[in-house]
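Novice: Quick one, what's the 3D model for this:
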Amino acid sequence: MFRSLILALMFCLIAGLAQARQSLPLDTGNTEIMLISDHDTVRPGQSFTVALRMKFDGNWYTYWRNAGDSGEPVNIVWDLPEGVSAGPIMWPAPKTKTVGPILSYAMGGEAWLPVEIYLDETLDPARPITLKAQAYFLVCDDVCVPEDGAVSLPMGVGPLIINEDNAAKIKAAKAKIPQKANAKGSANLEAGKVVFNISGLPEGFELPALFPHANPIIVHSEPVILSLAKSGIRYTTSPGYGWDDGTPESFDATLVANDGRAIVVPIATNTRIDIGAIKAGDGVGNARGATGLLGAIFGAFLGGLILNLMPCVFPIISLKALSIAKTAHGERSEVRRAAWAYTIGVLTSFVLIALVVIAVRMGGAYVGWGVQLQSPWVVALVSLLLFAIGLNLLGVFEVSGRIQNIGANRVGGSGPLSSFLTGVLAVIVATPCAAPFMGTAIGFALLYGSPIDTILIMVALGLGFALPFLLVAYFPRLLARLPKPGAWMDSFKQFLAFPMFGAAAFFVWVLVQQTGATGLAKILMAALALSFAIWAFQKRGAVAKVFGVTALIIALILPLMVKTPDGTEKVMSNAWSAQAVASARAEGRPVFVDFTAAWCVTCKVNEGRVLNTKKTARLFERTDTEFLVADWTNKDDLIAAELKRFGRAGVPLYLVYKPGASDPQILPQILTYDILKDALEE
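Specialist: Numbering: from 1, shown residues only. Take a look at the predicted model:
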């Protein structure tokens, strides 16, 4: 009786799943996968769509059809009945994923990969079919792990019956698949660069990012310069190794506009498309004229107003709010002078940005919003400045006298110079942000507008940004609502230090993405030197002041020394095996084992910055270290077992076997030269 009940329940479950026309969900470790059909029943000679739905845990992601600098694309291996065939994967538009200097094309969150299934007309309509698929893919977060899973989907064969719920979901997924439009392109090598000319883009298709389908066509981590021409656009970047053996065959590329629309463009390499002269102001899909300019100015004004509420700007403008609170019940003229000084600082900064944009664009190149933060030394200085402001707000130090009078402690104060400097700093921090209504206006200014248009748009953005403080200064009723000065102001001032530290932490994070562990070490040492300088300046005596000045100079020089990593070179290594480890240890040599894979982003960052450098090569030579590489790019049960032995499910894993030691030392996943040096030489 009990067995019959169990069988009945299983039958009902299977029947319900078959009716839903989706496979059982399969958890592969960090991903849930399943097959979903847009039909319940299909007939011979008919085609229908099945999608592989991939749902990723947390921040885990997988790779697009072109993985970029590192990774492997999702692969579906079908096991289908006779008379049934599957088409290629329909790929959605990718997103970029950057880890240090490594740039990959990724899919995260929830990805739908539709595939068209075809039934032969000779298929027996009386016999159901089962679609079986084995999915192979890589998932990455802090580490990269290969995952795979088998899923199967039973399908009825007979009268055509559409599954309305699934069909709607798959239709939505297919709507996101880029399609070929009327656009066409060409790619040619010119003076060591690969130049793409694209014409025929849809109207309003602005700021498109380029994603070639063929992997070795470009160096993905190199800058891609977007230029506007009279009849199209041009991309200029570094060619990949696909050009080493001659001109590659024609290929396709996906272009993704700044509004999310995407198209597929065929690229020919045996011709050159004429897009006219490179000329600013003749942008693709740009509706020139008074209406477009006025709309951009209005959008910039609204965007600047809303920009005050963005998290990246709040720590700075909160300082201005504090200074206004201090003077709210004092002289109204003083409040107005401070508000106008802040406004002038904001407008001056935005006009300077406009002039830089105009100068760069006159050379035919594309310049992006927040471009100053592409310079690591600027990011380092901003983070150090925010750290210092936070210490000042906590009351760790106060600057007075003549030094204060020349503005060294002016940000967040109440005088005109302090208000001006606060406006400048607010703009520096604000430019990486993008508030609502800003996108179109900034795109117009950076790409399509004339020099006058660009300046007008930037001034409108600045006026919107500064307006709240002007309103407070000129409407006494708003000032009257502010509480009177008192002890609360000191607590409020100290509280504002913490969003300041949060902003500093954000910029340090940006710096690490640009420069890796070396940049992190330098900015931490700069913060230490600055802290020591602050402590020394509070001591009496000439010696303390000398130490303070020296530490302050070091604190300012270290951020200027931060830069992106230089090129790398290949360090000689041998393949890993248990026998190779034992043989080297029998000779009394230290052994370094690198468990890596071509698709592991963290591995590639460590290789570029540490392992494949001249310093490391000299270190291995000096210490007579045997360098072994356990390459897990392809499935290898021995490597998988060794990873499991050390409690790891994925790569990277770094082991150092020292002479005389019974067990290896496990090094951190984020590797530095100093960590490696200490492990081999201690």
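
Novice: and whichever helix in the chain runs longest, which residues are buried?
Specialist: For the chain, the longest helix by residue count, based on DSSP state H, is helix 332-362. Neighbour-count burial for helix 332-362, counted by 16 or more other C-beta atoms under 10 Å, picks out 335-347, 349-350, 353-354, 357-358, 361. To be clear about C-beta, it is placed using only N, CA and C from the backbone, and glycine gets the same treatment.

Novice: just checking, next helix/strand downstream of the longest strand along the chain?
Specialist: Longest strand of the chain, by residue count under DSSP state E: strand 144-157. Downstream of strand 144-157, the first helix or strand assigned by DSSP states H and E is strand 161-162.

Novice: what mean pLDDT would you report for that next one?
Specialist: Here strand 161-162 scores 92 as its mean pLDDT.

Novice: How about residues contacting it?
Specialist: 38-41 (C-beta atoms under 8 Å, 6 or more residues apart in numbering).

Novice: Please repeat the previous calculation with a cut-off of 6 Å.
Specialist: Contacts of strand 161-162 with the rest of the structure, by C-beta atoms under 6 Å, 6 or more residues apart in numbering, involve 39-41.

Novice: Just after that strand, pick out the following helix or strand.
Specialist: Taking DSSP H and E, what comes next after strand 161-162 is helix 164-175.

Novice: which other helices and strands contact that following helix?
Specialist: strand 47-56, strand 110-119 (3 or more C-beta pairs under 6 Å, 6 or more residues apart in numbering; DSSP states H and E).

Novice: Rebuild these as CSV, extending it with mean pLDDT, mean neighbour count and distance to P266.
Specialist: As requested, those are arranged in CSV below (pLDDT from 0 to 100; neighbours: other C-beta atoms under 10 Å; distance: least, C-beta to C-beta, whole Å):
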stretch, mean pLDDT, mean neighbour count, distance to P266
strand 47-56, 96, 20, 24
strand 110-119, 96, 19, 21
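
Novice: Can you say which of these is nearest to A617?
Specialist: Nearest of the helices and strands packed on helix 164-175 to A617, taken as C-beta to C-beta: strand 47-56 at 37.8 Å.

Novice: what's the angle from that closest one to strand 144-157?
Specialist: 150 degrees (axes from the mean of the first three to the mean of the last three C-alpha atoms, to 10 degrees).

Novice: Buried residues in the helix or strand just after strand 47-56, which are they?
Specialist: Where DSSP H and E defines the elements, the next helix or strand beyond strand 47-56 is strand 61-68. Buried positions in strand 61-68, judged by neighbour count with 16+ other C-beta under 10 Å: 61-68.

Novice: among these, which one has the lowest pLDDT?
Specialist: G68 (89).

Novice: Once you drop chain neighbours, what's closest to it?
Specialist: Setting aside the residues directly before and after it, G68 is nearest to S104 in space (C-beta to C-beta, 6 or more residues apart in numbering), at 3.8 Å.

Novice: tally of neighbours for that neighbour?
Specialist: Number of residues near S104 (other C-beta atoms under 10 Å) recorded here: 25.

Novice: Can you give me the distance of D69 to S152?
Specialist: According to C-beta to C-beta, to the nearest Å, D69 stands 35 Å off from S152.

Novice: and the end-to-end length of stretch 571-588?
Specialist: By C-alpha to C-alpha, to the nearest Å, the extent of stretch 571-588 from end to end equals 21 Å.

Novice: chain center to it: distance?
Specialist: When distances are taken as C-alpha atoms, centre = their mean, to the nearest Å, stretch 571-588 is centred 38 Å away from the chain's centroid.

Novice: repeat for stretch 631-647
Specialist: 29 Å.

Novice: Make 436 the starting number, not 1.
Specialist: Yep, numbering from 436; the last one is stretch 1066-1082 now.

Novice: Check which residues of it are buried.
Specialist: 1066-1068, 1074, 1077-1078.

Novice: Endpoints of that stretch, how far apart?
Specialist: 18 Å.

Novice: And stretch 641-656, by the same measure?
Specialist: Stretch 641-656: ends 22 Å apart by C-alpha to C-alpha.

Novice: Phi first, then psi, for A962.
Specialist: With angles defined as degrees, to the nearest 10, A962 sits at phi -60, psi -40.

Novice: Read off the pLDDT value for it.
Specialist: Looking at A962, the pLDDT reads 90.

Novice: That one: what's it in contact with?
Specialist: F822.

Novice: is it true that S587 touches Q569?
Specialist: No: S587 is beyond contact range of Q569, at 9.9 Å (criterion: C-beta atoms under 6 Å).

Novice: coming back round to it: what's the first helix or strand after the longest helix of the chain?
Specialist: helix 811-828.

Novice: what helices or strands is that following helix leaning on?
Specialist: Against helix 811-828 (3+ C-beta pairs under 6 Å, 6+ apart) you get helix 932-950, helix 952-972, helix 977-995.

Novice: Number of residues surrounding G544?
Specialist: So G544, with other C-beta under 10 Å, has 11 neighbours.

Novice: ok, and the closest non-adjacent residue to it?
Specialist: F491 (6.3 Å).

Novice: what do you get for G739?
Specialist: The nearest residue in space to G739 (C-beta to C-beta, 6+ apart) is G899, at 2.7 Å.

Novice: And the one you found, what's its pLDDT?
Specialist: Value for G899, per-residue pLDDT: 85.

Novice: Assign a three-state SS to it, would you?
Specialist: helix (DSSP: H, G, I helix; E, B strand; the rest coil).

Novice: which one among the buried residues of strand 496-503 gets closest to S520?
Specialist: Nearest to S520 among the buried residues of strand 496-503, with distances taken as C-beta to C-beta, is R500, at 20.0 Å.

Novice: Now do the same contact list for that closest one.
Specialist: Contacts of R500 by C-beta under 6 Å, 6+ apart are 508, 526.

Novice: and the gap between it and I511?
Specialist: 12 Å.

Novice: From start to finish, how long is stretch 515-527 in a straight line?
Specialist: 24 Å.

Novice: which of the residues in that stretch are buried?
Specialist: 515-516, 519, 521, 524-527.

Novice: which two from the residues you listed end up farthest apart in space?
Specialist: P516 and P527 (28.4 Å).

Novice: Break this protein down into its domains, please.
Specialist: Following automatic domain parsing, one gets these domains for the chain: 437-611, 615-703, 725-817+843-930, 1009-1116.

Novice: among these, which gets the worst mean confidence?
Specialist: domain 725-817+843-930 - the lowest mean pLDDT of the domains of the chain, at a mean of 66.

Novice: Output stretch 1037-1054 as PDB, nothing but the C-alphas.
Specialist: Taking C-alpha atoms only, stretch 1037-1054 is exported to PDB below (Å, rounded to 0.1, in the frame of the first residue of the first chain):
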ATOM      1  CA  THR A1037      42.100  35.900 -10.500                       C
ATOM      2  CA  CYS A1038      44.800  33.500 -11.800                       C
ATOM      3  CA  LYS A1039      45.400  35.700 -14.800                       C
ATOM      4  CA  VAL A1040      45.700  38.800 -12.700                       C
ATOM      5  CA  ASN A1041      48.200  37.100 -10.400                       C
ATOM      6  CA  GLU A1042      50.200  35.900 -13.400                       C
ATOM      7  CA  GLY A1043      50.300  39.300 -15.000                       C
ATOM      8  CA  ARG A1044      51.300  41.100 -11.900                       C
ATOM      9  CA  VAL A1045      53.400  38.600 -10.000                       C
ATOM     10  CA  LEU A1046      54.300  35.300 -11.600                       C
ATOM     11  CA  ASN A1047      55.200  36.300 -15.100                       C
ATOM     12  CA  THR A1048      57.600  39.100 -14.200                       C
ATOM     13  CA  LYS A1049      61.400  39.500 -14.300                       C
ATOM     14  CA  LYS A1050      61.600  39.900 -10.500                       C
ATOM     15  CA  THR A1051      59.900  36.500 -10.000                       C
ATOM     16  CA  ALA A1052      62.100  34.900 -12.600                       C
ATOM     17  CA  ARG A1053      65.100  36.100 -10.800                       C
ATOM     18  CA  LEU A1054      63.600  35.000  -7.400                       C
END
